[in-house]
Each structure stands twice: as structure tokens, then as C-alpha cells.
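Enquirer: Dropping a prediction and its sequence here:
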Amino acid sequence: MKNTALSATHEALGAKMVPFAGYNMPVSYEGVNAEHETIRKGVGVFDVSHMGEFLIGGPNALSLIQKVTSNDASKLTVGKAQYSCLPNETGGIVDDLIVYKIKEEQYLLVVNASNIEKDWNHISKYNDEFNADMRDISEGYSLLAIQGPKAVEAMQSLTSVDLAAIKFYHFEVADFAGIDNVIISATGYTGSGGFEIYCKNEEVNQVWDKVFEAGADFGIKPVGLAARDTLRLEMGYCLYGNDISDTTSPFEAGLGWITKFTKDFVNSEALSTIKAHGPERKLIAFELDERGIPRHDYDIVDSQGKKIGIVTSGTMSPSMGKGIGLGYVPTIFSTVGSKILIQIRKNAVPATVVKLPFYKTQ
């Protein structure tokens with residue numbers, strides 16, 4: 001089990017630690033509901049240093065990225081980031097990721113912790129054609145997600161750049177918390193605004209301490225992975241291994257918006273056919289009409305009690321006080337307003353297909 005550079009800090013703060021993607025990670029500190037509310041109403045900090053980072057450089061860096069990702073990375077300019085996915089050869093998804101254009105001929109790919117080796121091998125396989133410079137820097141870098149509506153105000157004293165001026169999915173490489181050349185990225189997995197901070201392992205303890213000093217007057221708190229999951233689910237953000245996988249196509253998962261056929265990429269011809277004909281099943285969002293909590297792998301059934309799908313993510317929404325979830329069903333059941341049932345143990349609980357996000361920001 002690997003530790004992040006901050007594992008001892010989390011343990012000293014009384015975090016409940018659990019194994020996650022091969023790392024010893026904080027799942028909660030004071031409880032998921034309280035930490036969830038911290039992000040929705042104030043500012044909190046996640047240690048997500050388990051995520052993977054690849055640097056892709058050289059004259060053919062863009063050509064390689066265009067080949068292995070679904071989105072059109074040629075649209076990126078320096079200082080801009082892009083959500084994308086790595087399609088596999090059989091219609092599914094190797095991983096979802098964020099692509100950053102650091103400078104001309106240099107890109108940073110941020111991938112999921114559980115997929116670092118798989119993603120590296122997949123991209124390397126296609127790099128034989130392009131011979132781009134690939135470096136896996138995951139082991140040397142830490143990542144803090146400072147999220148919430150008070151994040152800009154709370155963190156402004158730590159940097160010379162105007163945080164409010166960094167647009168969503170843009171970033172600056174600048175000074176932060178007394179450290180130079182930190183990536184300050186206006187991205188996140190919560191839907192409540194804020195930043196993701198990339199720095200070296202040997203710098204992150206200083207960054208952590210200064211972040212909490214600067215945020216003290218704003219009620220800043222550490223937040224664990226359990227609240228990260230409820231926050232992302234309220235926004236309908238996909239979680240790899242649950243809502244997307246090697247067997248789900250981007251069009252089934254509602255990720256057609258990051259699948260651009262203005263270029264040739266892995267399995268693009270087959271995916272173009274899926275788009276043209278429409279997928280046979282779709283990822284839906286649903287809210288329970290009665291009390292109950294939907295969970296991963298619960299059956300979705302029709303009015304006759306016949307299984308039509310499966311819940312991929314589910315929880316009791318802390319913000320809304322009702323059961324919410326995502327799951328795959330045949331396309332005919334995917335229309336907003338459709339009625340379905342979620343099999344929760346012996347009870348088939350009525351639910352309604354809704355439009356994302358579940359949580360609407362004010």
C-alpha cells in the first residue's frame with residue numbers, strides 16, 4: 001500500500017484511512033455529510049495525489065494525443081485544459097482524463113489512479129508510430145483539490161495571479177504558497193468551483209500548511225474521498241469503474257460531446273457508426289420517488305418487475321435529501337420523465353429519470 005506525501009498529516013488529523021487504488025487514502029474526517037456541506041457552502045481541501053500524471057512532449061506530441069484521445073486536442077492553447085477519454089479498440093473506454101497544454105509541444109495528461117499502468121501501456125502502444133517523449137511523473141507529484149465557492153477569496157493571498165480571472169478549464173503555472181512553477185487549474189470534480197494544485201511531493205506539505213493558514217478565516221477543512229463521491233454524483237460526473245469502463249462506449253455514457261470526428265483516433269470508425277445508429281442503451285440519471293438509497297449494482301426493473309438495467313452509482317444526496325443514482329438502461333427507458341423501479345433488497349422503489357445535474361447551483 002502506497003502513501004501520499006500527506007498520509008501522516010491525514011492520520012494526525014484523525015482521518016479514517018482506507019485502501020484506494022493502491023494508496024492509503026483519507027475517506028473521511030468528521031463525516032461525509034458535514035464535509036459535503038463544507039464544499040457546497042465554503043471551502044475544503046482534498047488530497048488526490050494518487051492520480052496519475054504523464055508528460056507528453058516533442059514535435060509529435062499532439063499527433064499522439066490526437067490518436068489516443070476522443071476529444072480534439074488541436075483546439076487547446078497554452079493555459080487551457082480539456083476533458084477527454086481514451087477509447088479502446090472494442091468500443092469501450094480505457095479511461096477518462098484531462099489534457100493540459102503546458103507549452104508548445106508539451107502536454108500533461110492526468111489519469112485515474114487505478115488506471116495508471118493500463119493507460120501508460122495503452123498510450124505507449126500507439127507511440128511506436130509517433131515516437132513522442134513520454135514521461136510518467138505520477139510518483140513525484142502531489143495534487144490538492146481546493147474546492148468550494150469561497151476558494152478564490154480564501155486562496156488569493158497565496159499567489160500573485162488573479163485567481164478570479166482563471167476561467168473554468170484554464171490554468172496558470174505560477175507562484176503559490178511560496179512555491180514557484182505550481183499548476184493552478186480551475187478544474188475540479190465537485191461542481192462548486194475552486195482549483196486543483198499540482199506541485200512536487202517535497203513541496204506539498206508547505207503548500208498544505210499555507211493553504212490552511214490562508215483559509216482559516218473562511219472555515220477551511222480537510223475533506224475525504226467519501227464526500228468527493230457524493231459531490232461528483234450530485235453533478236452527474238462519471239466515475240471510471242462504475243459509470244464508464246472498458247465495455248461502455250462514450251455515446252452510451254453521454255460523452256458524445258467529447259468525441260470529435262474531425263480527426264482519426266482509436267476505433268473512431270466504429271464509434272462513428274454507433275453515433276449514426278444511436279446506442280442501444282444509455283446512462284441515465286434518476287431520483288427515487290420514495291425513501292431509499294440506491295447502491296452500485298442494484299437492479300433497475302420495469303413496471304412488470306423485469307430487470308432492464310443496473311445501478312452504476314447511487315447515494316443519498318446530502319444536498320437534496322433524496323436517493324439519486326446513475327445506471328444503464330435500454331434507450332427506450334432513457335427519456336427524461338420515464339418511470340422505472342430500483343430493486344432495493346425486497347422492495348422495488350419507484351424512480352424517475354431526470355436531467356443532469358441533480359444539484360443545481362444557485
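Expert: Sure thing, it's come through. Since this is a predicted model, take the numbers as computed values, not measurements.

Enquirer: Check which helix or strand residue 360 maps to.
Expert: Using DSSP states H and E, residue 360 sits within no helix or strand.

Enquirer: now it: how far from residue 40?
Expert: Note on residue 360: its distance to residue 40, by C-beta to C-beta, to the nearest Å, is 12 Å. Using the backbone N, CA and C atoms, a C-beta is placed for each residue, glycine as well.

Enquirer: Also residue 241?
Expert: Residue 241 is 25 Å from residue 40, by C-beta to C-beta.

Enquirer: more neighbours, these two?
Expert: Using other C-beta atoms under 10 Å as the criterion, residue 241 and residue 40 rank with residue 40 on top: 21 against 15.

Enquirer: Not counting sequence-adjacent ones, nearest residue to that one?
Expert: Leaving aside its sequence neighbours, residue 40 sits nearest to residue 192 (C-beta to C-beta, 6 or more residues apart in numbering; 5.6 Å).

Enquirer: What separation do you get for the one you found and residue 152?
Expert: 12 Å.

Enquirer: again with residue 5
Expert: Distance from residue 5 to residue 152, by C-beta to C-beta: 25 Å.

Enquirer: elements contacting the helix or strand where residue 18 lies?
Expert: Take DSSP H and E as the rule and residue 18 turns out to sit in strand 16-20. Applying 3 or more C-beta pairs under 8 Å, 6 or more residues apart in numbering; DSSP states H and E, one finds that strand 16-20 contacts helix 7-12, strand 23-28.

Enquirer: ok, residues contacting it?
Expert: Taking contacts as C-beta atoms under 8 Å, 6 or more residues apart in numbering, the residues outside strand 16-20 that touch it are 1, 7, 10-11, 24-29, 50, 113, 224-225.

Enquirer: any idea of the angle it forms with strand 23-28?
Expert: Using axes from the mean of the first three to the mean of the last three C-alpha atoms, to 10 degrees, the direction of strand 16-20 lies 140 degrees away from that of strand 23-28.

Enquirer: Strand 16-20: partners in the sheet, and parallel or antiparallel?
Expert: strand 23-28 (antiparallel) (DSSP bridges).

Enquirer: what ranges do the strands span in the stretch 251-362 of the chain?
Expert: Assigned by DSSP state E, counting those that start in this stretch, the strands in the stretch 251-362 of the chain fall at 281-288, 299-301, 307-316, 323-330, 339-344, 347-354.

Enquirer: If you drop the residues flanking it in sequence, what lies closest to the spatially most central residue of the chain?
Expert: Nearest to the geometric centre of the chain sits residue 189, at 5.0 Å (C-alpha atoms, centre = their mean). Residue nearest to residue 189 in three dimensions, not counting chain neighbours: residue 232, with 4.8 Å by C-beta to C-beta, 6+ apart.
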